[in-house]
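>>> Provide a 3D model corresponding to the input given below.
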Amino acid sequence: MAIKESYIASTALVAVGVIALGALSMVHAQTAPPTPPLQAKLTVRPLTTGDVSVYKLPSTTQLSNGLYTVGLGEPLYLEVQVNSALPASAVTGVNWTLVYQPDGSKATLVASPLPLTIPVYEPSDRLVARPAARMLLRPDVEGVYVVDATVTTSDGTTTDLEQTFLGAKYVGIATCTLCHNGVLPEDMVTPWSKTGHASWFQQGVDGALGHYSASCVSCHTVGYDANNTVANGGFSAIAKALNWIFPATQQPGTFAAMPDALKNVANIQCENCHGAGSLHAMGAFDLGTNFNLTTNSGVCAKCHDAPTHHIKATEWNSSLHAVTTRDPSGPGREGCVGCHTANGFIGRMTGAQTVDTTYQAITCAACHEPHGATVPDTNLHLVRSLQPVTLADGTQVSNAGMGLLCMNCHQSRQNAAQYAATAPASSHFGGHHGTQADMLEGVNGFTYGKAIPSSQHGTAVEDTCVTCHMQDVTDTTSPYFLKAGGHTFKPRWEGDSTHAAVDLVGACQKCHGDSMTSFDTPFEDYDGDGQIEGVQTEVQHLLDKLSTMLPPVGQVKTSLTIDSTWTRPQLEAAYNWQFVHDDGSKGIHNTAYAVGLLKASIDSLSAK
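Have a look, this model is predicted:
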């Protein structure tokens, strides 16, 4: 008991998927040491159906959402991650120890079925980290499990990594409702009950979803694991105990006729995302640390990374959101993380009093609120915020549909009329890269006091950004399946050695007709060279022309290097060059506005 009390007192029992060992990062020193210093952490790797397929693991391999609290008998795929800049030879050994486990537990650390050739899970982590060692632990008794991994490097130094995990049983929605239906300050159960998650299994067995089979149940119930032999309160364990068999016919009334014990753990509930809740429900240990609160993508990907049909997380893996830069995170970056990290964005949207500066890519939970607590009941996609967005020049956007969420970040950070006319020249001069919302709405460029025309995409396209950037790609034989559209947010696939690039123009064709097969479709001679070329080509020519008029004059540029020698007219024109360039669409978002700003800037410099 003394050991148990010591560990409970000395550990924070932080089972939230984040450890205080510092973010992994590359070393960028000009003169790097022969061996970079070790940066390591002990964590849990999620494992999805997509992983099992891609890495050719046995079909019976148990899945994991990477939580630090798991149901009894479920796997913790433990791994030590080290910075990828560290040579493989620098780590000479990792010694694993199960330091503490509950009374009566017979769990042991065993070899992981995941070889080191399988990369770490998060796409953003793969850029900076690799697995150095892996083990497997399956908790078998409720309580605390403490694991230590001692990493030895070639210089003889050792680093101890320690992490706490919890084994628990599933309790189901009836228990969660006792406190989370308004007894505590925030009612989470009521808004959740109106989401698709709350009734998906019920709809399936009642015949409301069309095709529905026994293979669907594992993702639509709590604690389902057909390969688990431990009675942990999950759906599969209870079904086995009650001899319940998936019905051959799905029809109305099926769910109502099921045993109450099964209905209690049916549908997608709290414990699917927060981990088995028996310790939390008992108030054991610290209520704030015995369940998981994490924005890691594995929580959703356990079910949403199952090609060929459940692919939202699979698509996201190919997105830029999945590898968002680490630079604007950490202490001192409070003004950046509201867009550049999942935790920072969630805090910004929810009005958090303390800014969370820890790094996390723009994961599912950044854009979606699974409880449904902050969105209208009719928002089936659980988009975190559909509130009007105010741009830096004061323009309020309210009619952008689901694209409103995107506009919270994809906008200029400056009021162009004031900034371009007064801001001092510096290497940071400009609207801070993401000008898409401003461009789409046709506002906040530097207009020189002129009325710059605007195209109608901002008002004619119902869900704006989402309509075009998240088009469905459902042809599983397509070379760009999982690489464009959907949650990749990419409207274009760049092709490969055997396939040409493809523009997803399906959304465009609804207005522009089937003859539009490319974004770079000819409309007018915008650059005035006597040739009608594709709109993106025309806009690029205007960008090139304007760039030659900016220092160093005469050179076509792909980026601008601004310093104190630039004149005010040059800075005003530079702002518009960056505005159009950083929008990235080369006129597709708003052809008239992009062309108008560039021509106005060219005219201004031509007159000097």
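
>>> I'd like the distance between the residue nearest the centre of the chain and His487.
Geometric centre of the chain, nearest residue: Thr363, 1.6 Å, by Cα atoms, centre = their mean. Distance of Thr363 to His487, computed by Cβ to Cβ, to the nearest Å: 11 Å. Yep, even glycine has a C-beta here, placed from its N, CA and C like the rest.

>>> so how far is Gly486 from the residue nearest to the centre of the chain?
To Gly486, Thr363 is 16 Å away according to Cβ to Cβ.

>>> Next: Cys270.
Look at Cys270 and Gly486: by Cβ to Cβ, they are 27 Å apart.

>>> now Val355
Counting by Cβ to Cβ - Val355 and Gly486 are separated by 31 Å.

>>> Between Thr363 and His487, which contacts overlap?
Taking Cβ atoms under 8 Å, 6 or more residues apart in numbering as the contact rule, Thr363 and His487 both touch Trp316.

>>> Could you list the low-confidence segments of the stretch 151-300 of the chain?
Where the stretch 151-300 of the chain drops to pLDDT under 70, the residues are 284-291.

>>> Repeat that for the chain.
1-34, 284-291, 373-379, 608.

>>> care to break it down by domain?
Domains of the chain are assigned by automatic domain parsing as 2-168, 173-275, 412-463+520-606, 466-512.

>>> Same list (those domains) but as a markdown table, adding mean neighbour count and distance to Met402.
What follows is those, written out as a markdown table (neighbours: other Cβ atoms under 10 Å; distance: least, Cβ to Cβ, whole Å):
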| stretch | mean neighbour count | distance to Met402 |
| --- | --- | --- |
| domain 2-168 | 18 | 24 |
| domain 173-275 | 17 | 16 |
| domain 412-463+520-606 | 19 | 5 |
| domain 466-512 | 17 | 4 |
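
>>> Out of those domains, which gets nearest to Leu380?
Proximity to Leu380, assessed across the domains of the chain by Cβ to Cβ, is greatest for domain 173-275 (6.2 Å).

>>> Contact partners for the residue nearest to Glu494 when sequence neighbours are not counted?
Nearest residue to Glu494 in three dimensions, chain neighbours excluded: Ala501, at 5.1 Å (Cβ to Cβ, 6 or more residues apart in numbering). By Cβ under 8 Å, 6+ apart, the contact set of Ala501 is Arg492, Trp493, Glu494, Gly495.

>>> need the residues you listed in a markdown table with distance to Asn243 and secondary structure, can you?
Below are these laid out as a markdown table (distance: Cβ to Cβ, whole Å; DSSP: H, G, I helix; E, B strand; the rest coil):
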| residue | distance to Asn243 | secondary structure |
| --- | --- | --- |
| Arg492 | 53 | strand |
| Trp493 | 50 | strand |
| Glu494 | 54 | coil |
| Gly495 | 54 | coil |
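
>>> so which of those would you say is closest to Pro75?
Once Cβ to Cβ is applied, the member of the contacts of Ala501 that ends up nearest Pro75 is Trp493, at 35.6 Å.

>>> Unless I'm misreading it, that closest one sits right up against Ala484, doesn't it?
Yes. Contact status for Trp493 versus Ala484: in contact at 4.0 Å, counting by Cβ atoms under 8 Å.

>>> So for the two, which residues contact both of them?
Val502, Leu504.

>>> do you know how far Gly394 is from Val99?
Here Gly394 is placed at a distance of 58 Å from Val99 (Cβ to Cβ).

>>> and the residue lying closest to Thr474 once chain neighbours are set aside, what does it touch?
Closest residue in space to Thr474, ignoring its immediate chain neighbours: Phe481 at 8.0 Å, by Cβ to Cβ, 6+ apart. Phe481 is in contact with Thr308, Val473, Thr474, Asp475, counting by Cβ under 8 Å, 6+ apart.

>>> Between which two of these is the distance greatest?
For those, the maximum inter-member distance is 11.2 Å, found between Thr308 and Val473 (Cβ to Cβ).

>>> Okay, helices next: where are they in the stretch 501-608 of the chain?
Secondary structure of the stretch 501-608 of the chain by DSSP state H, counting those that start in this stretch: the helices cover 506-512, 535-548, 568-583, 591-606.

>>> between those helices, which one is nearest to Thr390?
Of all the helices of the stretch 501-608 of the chain, it is helix 568-583 that lies closest to Thr390, at 18.2 Å by Cβ to Cβ.

>>> just the CA coordinates of the closest one, formatted as PDB?
Provided in PDB are the C-alpha atoms of helix 568-583 (Å, rounded to 0.1, in the frame of the first residue of the first chain):
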ATOM      1  CA  ARG A 568       5.400  53.800 -49.700                       C
ATOM      2  CA  PRO A 569       4.000  53.200 -53.200                       C
ATOM      3  CA  GLN A 570       6.100  50.100 -53.400                       C
ATOM      4  CA  LEU A 571       4.700  48.900 -50.000                       C
ATOM      5  CA  GLU A 572       1.100  49.500 -51.100                       C
ATOM      6  CA  ALA A 573       1.700  47.500 -54.300                       C
ATOM      7  CA  ALA A 574       3.600  44.900 -52.300                       C
ATOM      8  CA  TYR A 575       0.600  44.400 -50.000                       C
ATOM      9  CA  ASN A 576      -1.700  43.700 -53.000                       C
ATOM     10  CA  TRP A 577       0.900  41.400 -54.600                       C
ATOM     11  CA  GLN A 578       1.100  39.400 -51.300                       C
ATOM     12  CA  PHE A 579      -2.700  39.600 -50.900                       C
ATOM     13  CA  VAL A 580      -3.300  37.800 -54.300                       C
ATOM     14  CA  HIS A 581      -0.300  35.500 -54.100                       C
ATOM     15  CA  ASP A 582      -1.000  34.300 -50.500                       C
ATOM     16  CA  ASP A 583      -4.700  33.700 -51.400                       C
END
